[in-house]
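S.K.: need coordinates for the below:
(2 chains, ligands or ions: 3)
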Amino acid sequence: MRRFARHSLTRRLVEAVLTLFGVAVLVFAMLRAIPGDQITATLGTESAALSPDQLASLRDYYGLDKPLPVQFFSWLGDIFTGNLGYSQRAGESVLAMTESALPITIELAILATIVGLVIGVPLAMLSASRPNGARDGVSQVIGLLALSIPNFLIAATLLTLISKYAHYNPNAGEFQHLFANPGVNLQQMMFPALVLGFGLAAPIMRTARTSLLEVSTADFMRTARGKGVAPMRLRVRHLLHNALNPIITMTGIQFGYLLGGAIVVEQIFSVPGIGQQVLVGMQQKDYAVVQSTVLVIATLFVLVNLLTDFLYRVVDPRVRAS
Amino acid sequence: MSDLLELEDLRVSAGPHEIVRGVDLAVPAGQTVAVVGESGSGKSLTMLSVMGLLSPPLRVSGGHVRLAGWELTGLHERQLREIRGNEVAMIYQDPMTSLNPLMRVGEQVMEAMTAHGVAKAQARERMLDLLARVGIPDPRRTARAYPHEFSGGMRQRVMIASALAMRPKLLIADEPTTALDVTIQQQILALVDELRQELGMTTIWVTHDLGVVARLVDRVVVMYAGHVVEDAPVRQVFAAPQHPYTASLLASLPDPNSDGRGRLATIPGRPPTSTQTITGCPFRPRCAQARDICAVRPELLPRTLPVSPTAAPAAAGGAVAEPAAGGGAAVAVEAATTRVACHVPPAEWR
Ligand SMILES: Nc1ncnc2c1ncn2[C@@H]1O[C@H](COP(=O)(O)OP(=O)(O)O)[C@@H](O)[C@H]1O
Ligand code: SF4
Ligand SMILES: [Mg+2]
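M.R.: Numbers count the residues shown, from 1 in each chain, chains lettered A, B, ... in the order given. Ligands and ions are numbered 1, 2, ... in the order given. Next up, the predicted model:
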């Protein structure tokens, strides 16, 4: 049993490494497939005026003169030593930039996920408690709305309305980090978290509703009712508990996406998260920033997947056993 | 009020389709009753209505359920909850799916008590006693196990422990051994019967196989297509079955004197489905004694008929005038070769 568990863990890790390698190859190739390079991005039209010698020395400086595989493996090799590269534009190492942007994105993702769960799960329980009833209809409509309205629209509207009528816009000032100034930080995070969380609530609600409805017809639910178990305990301890795994899967996937940075929402609310970092890097053709940051995001995604697997084990003793 | 359980014209429907079609059943306190019938005859739905456990689209669409004189039909869910697991408990058919896979078995047994206000510490004590009593080894350790770590027989023992936790007055065992291996079946039957005697519980055994419980019961109730077609002391049922369906059921039992391999006969055909509309006797398509009148008004047939086919009334019109001759009172009369008695007694007999 234990040997098998270790075997499956090893397999998971090998899978994870292969996935990340694939991502590295892909992002590296894609960046180079787009016309233009760091020199043209930095100098713009002025780059046309460069003499061949100047161009050569710049290419040498950026390492662009080396064959692509050499560039690729030297980048990858650097990453293993903790060197994510250097951003010419920002005048800062990508590691330092990431250390500043990533915690913001993680904080936002966690807050948004909490909002999504707090809205989505109770709504699903309400709607599954009497399928096709009035409550179910209302919850389904809310879910559909949340799914179909783009979050940037909600974000922009919310921001405009509140700053115009309530004269309240915490996101107007300079961004404050959680540990430096928690009061202001939480106010700044509130709207983006609500906007993202509202969007998250919809898929969570739908998954949870389906899962809850399925479990509610299980034989053991009838057994529990037959014992005279009270409704609250029935709903939480028997129903929700057994419906949890699909909800965890969906939440994990959505959380993973959020770690990639909610580019538009970060932009609207001036949150300097990882999404902004990638966006700016793309605009400036800052290879080092884009490729390393994308790899960091992919690593987090893989970690979230492993965490999801771990949570299955916590929830279900049968998974633990196999 | 000496009847512990009383069903009066109980009807269960799924949407427009009636599945249980007017069951009358009175079980005096202390009696052990077998409810038998082919699968699909409405046995489980009848019992689930006693528990108040039907869930949509199923519902009690008519009649009454009374327990110890209390009317259960139309009772509020909160009041039903006090009765379930407390006054009446049920053991279900499939132990593999009837336990919550994510909850330790000890907690599932305790829950049957804490739901009825037993303090946690006390429930824990009793849970350990109960597990030991139903034959689960090392209760302290096994209480912490999850259902998937148990065999089917062990799970059914856990179900029995949780059903008996509050010492219910009425125990309903709905095919508790159907899903189990033959050797385990006997152990579980013996265990429930022992506990029944120990606790003095009124017990209803539900089964599609009369042979399984014949030795354990006082009385047999036969159901067919949502009707009770026969209800008599067990000896009488075996010695002189009154309804052709009962006779067919008995004929399909394996011979107890043989090695149990051969079934003598299976009843040809299938019972009607709940969506079929039935006119006349629901057993008619499969009944060896069927005659024309059965298609129209079987309740007008005399309680006991001679078997000779020539005695069959030619037309409904002719038969209507006849019933007084046969009467409803005489239960069984020897005929030339077989006895036939049709299930629905004449109106004045009810
Ligand atoms: N949820 C349901 N919806 C519609 N019909 C049902 C439902 N549950 C059971 N039935 C029907 O009711 C009939 C009787 O079921 P049941 O009481 O379980 O029979 P038994 O226990 O005698 O085998 C079955 O033939 C089945 O088709
Ligand atoms: S009423 Fe007719 S068909 Fe039905 S059981 Fe009696 S004899 Fe058979
Ligand atoms: Mg059944």
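S.K.: can you tell me how far the residue lying closest to A:Thr217 once chain neighbours are set aside is from B:His17?
M.R.: Spatial nearest neighbour of A:Thr217, excluding adjacent residues (CB to CB, 6 or more residues apart in numbering or on different chains): B:Ser55 at 7.5 Å. All C-beta atoms are positioned from the backbone trio N, CA, C, and that covers glycine. Separation of B:Ser55 from B:His17 (CB to CB, to the nearest Å): 16 Å.
S.K.: and what of B:Glu82?
M.R.: Counting by CB to CB, the gap from B:Glu82 to B:His17 is 32 Å.
S.K.: phi, psi of the residue nearest to A:Thr217?
M.R.: Dihedral pair for B:Ser55: phi -120, psi 150, per degrees, to the nearest 10.
S.K.: wait, it touches A:Leu213, no?
M.R.: No: with contact defined as CB atoms under 8 Å, B:Ser55 does not count as touching A:Leu213 (11.9 Å).
S.K.: looking at these two, which is more packed in?
M.R.: A:Leu213 (17 against 12; other CB atoms under 10 Å in any protein chain shown).
S.K.: and that one, what does it touch?
M.R.: Residues near A:Leu213 by CB atoms under 8 Å, 6 or more residues apart in numbering or on different chains: A:128, A:131.
S.K.: does whichever residue of the stretch 251-350 of chain B sits closest to ligand 1 count as helix, strand or coil?
M.R.: Here the residue of the stretch 251-350 of chain B nearest ligand 1 is B:Ser274; by CB to the nearest ligand atom that distance is 5.1 Å. Under the three-state scheme (DSSP: H, G, I helix; E, B strand; the rest coil), B:Ser274 adopts coil.
S.K.: list the buried residues for stretch A:108-124?
M.R.: A:108-109, A:111-113, A:115-117, A:119-121, A:123-124 (16 or more other CB atoms under 10 Å in any protein chain shown).
S.K.: and which of these is nearest chain B?
M.R.: Relative to chain B, the closest of the buried residues of stretch A:108-124 is A:Val121; by CB to the nearest CB it sits at 17.0 Å.
S.K.: what about the closest one, which helix or strand?
M.R.: Element membership for A:Val121 (DSSP states H and E) is helix A:94-129.
S.K.: can you show me the strands along the stretch 1-150 of chain B?
M.R.: B:3-14, B:17-28, B:32-36, B:58-67, B:70-71, B:88-91 (DSSP state E, counting those that start in this stretch).
S.K.: swap that for the stretch 101-250 of chain A, please
M.R.: So, for the stretch 101-250 of chain A - with DSSP E, counting those that start in this stretch - there are no strands.
S.K.: run a quick neighbour tally on the residue in it that ligand 1 sits nearest to.
M.R.: Nearest residue of the stretch 101-250 of chain A to ligand 1 (CB to the nearest ligand atom) works out as A:Thr217 at 8.9 Å. Using other CB under 10 Å, A:Thr217 has 9 other residues around it.
S.K.: what's the local residue count around residue 70?
M.R.: Unless you meant another one, I'm taking chain A. Residues within reach of A:Val70, counting by other CB under 10 Å, total 11.
S.K.: actually, chain B is the one I wanted.
M.R.: 13.
S.K.: can you check A:Thr10 too?
M.R.: Residues within reach of A:Thr10, counting by other CB under 10 Å, total 10.
S.K.: how close does B:Val134 sit to B:Ile91?
M.R.: 11 Å.
S.K.: again but with A:Leu200, I slipped
M.R.: In terms of CB to CB, A:Leu200 sits 43 Å off from B:Ile91.
S.K.: neighbour count: the two, which is higher?
M.R.: Ranked by neighbour count (other CB under 10 Å), A:Leu200 and B:Ile91 place A:Leu200 first, with 28 against 25.
S.K.: dump the residue contacts of the closest residue to that one other than its chain neighbours.
M.R.: Closest residue to A:Leu200 apart from its sequence neighbours, by CB to CB, 6+ apart: A:Gly116 at 3.0 Å. Going by CB under 8 Å, 6+ apart, A:Gly116 touches A:196-201, A:204, A:251, A:254.
S.K.: out of those, the closest to chain B would be?
M.R.: Chain B lies nearest to A:Thr251 out of the contacts of A:Gly116, by CB to the nearest CB, at 18.2 Å.
S.K.: kindly confirm my reading that the closest one is in a helix.
M.R.: Yes: when three-state DSSP is applied, A:Thr251 is found to be in a helix.
S.K.: how is the chain divided into domains?
M.R.: All of this refers to chain A. Domains of chain A are assigned by automatic domain parsing as A:2-93, A:99-321.
S.K.: not quite, go with chain B.
M.R.: B:3-87+B:168-255+B:270-348, B:100-167.
S.K.: same list (these) but as CSV, adding distance to ligand 2.
M.R.: Formatted as CSV, the domains of chain B follow (distance: least, CB to the nearest ligand atom, whole Å):
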stretch, distance to ligand 2
domain B:3-87+B:168-255+B:270-348, 3
domain B:100-167, 36
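S.K.: need the winner for burial among these.
M.R.: Of all those, domain B:100-167 carries the top mean neighbour count, a mean of 20, counting by mean count of other CB atoms under 10 Å in any protein chain shown.
S.K.: is it anywhere near chain A?
M.R.: Yes: Domain B:100-167 lies within reach of chain A by CB under 8 Å from any CB of the partner chain, at B:100-103, B:111-112, B:115-116, B:146, B:148-149, B:159, B:162.
S.K.: how long is that domain from one end to the other?
M.R.: Terminal residues of domain B:100-167 lie 22 Å apart, using CA to CA, to the nearest Å.
S.K.: let me know the pLDDT of the residue of the stretch 251-350 of chain B found nearest chain A.
M.R.: As assessed by CB to the nearest CB, chain A sits closest to B:Ser274 within the stretch 251-350 of chain B, at 18.5 Å. At B:Ser274, the model reports a pLDDT of 72.
S.K.: got the contact list for it?
M.R.: By CB under 8 Å, 6+ apart, the contact set of B:Ser274 is B:14, B:17-19, B:226.
S.K.: what residues does chain B put near ligand 1?
M.R.: Residues of chain B lying close to ligand 1 by CB under 6 Å from any ligand atom are B:14, B:19, B:37, B:39-45, B:57-58, B:274.
S.K.: can I get those residues in CSV with distance to A:Ala298?
M.R.: Shown next, in CSV, are the residues of chain B next to ligand 1 (distance: CB to CB, whole Å):
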residue, distance to A:Ala298
B:Ala14, 52
B:Ile19, 56
B:Gly37, 62
B:Ser39, 55
B:Gly40, 55
B:Ser41, 60
B:Gly42, 58
B:Lys43, 58
B:Ser44, 53
B:Leu45, 55
B:Pro57, 48
B:Leu58, 51
B:Ser274, 56
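S.K.: now stretch A:178-191 - C-alpha only, PDB.
M.R.: Provided in PDB are the C-alpha atoms of stretch A:178-191 (Å, rounded to 0.1, in the frame of the first residue of the first chain):
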ATOM      1  CA  LEU A 178      -0.800  43.700   3.200                       C
ATOM      2  CA  PHE A 179       1.900  43.700   5.800                       C
ATOM      3  CA  ALA A 180       2.900  47.300   5.400                       C
ATOM      4  CA  ASN A 181      -0.600  48.700   5.800                       C
ATOM      5  CA  PRO A 182      -3.200  46.100   6.200                       C
ATOM      6  CA  GLY A 183      -6.100  48.500   6.600                       C
ATOM      7  CA  VAL A 184      -5.600  50.300   3.300                       C
ATOM      8  CA  ASN A 185      -4.500  47.100   1.600                       C
ATOM      9  CA  LEU A 186      -7.800  45.300   2.500                       C
ATOM     10  CA  GLN A 187      -9.800  48.200   1.300                       C
ATOM     11  CA  GLN A 188      -7.900  48.200  -2.000                       C
ATOM     12  CA  MET A 189      -8.400  44.500  -2.400                       C
ATOM     13  CA  MET A 190     -12.000  44.500  -1.500                       C
ATOM     14  CA  PHE A 191     -13.500  45.500  -4.900                       C
END
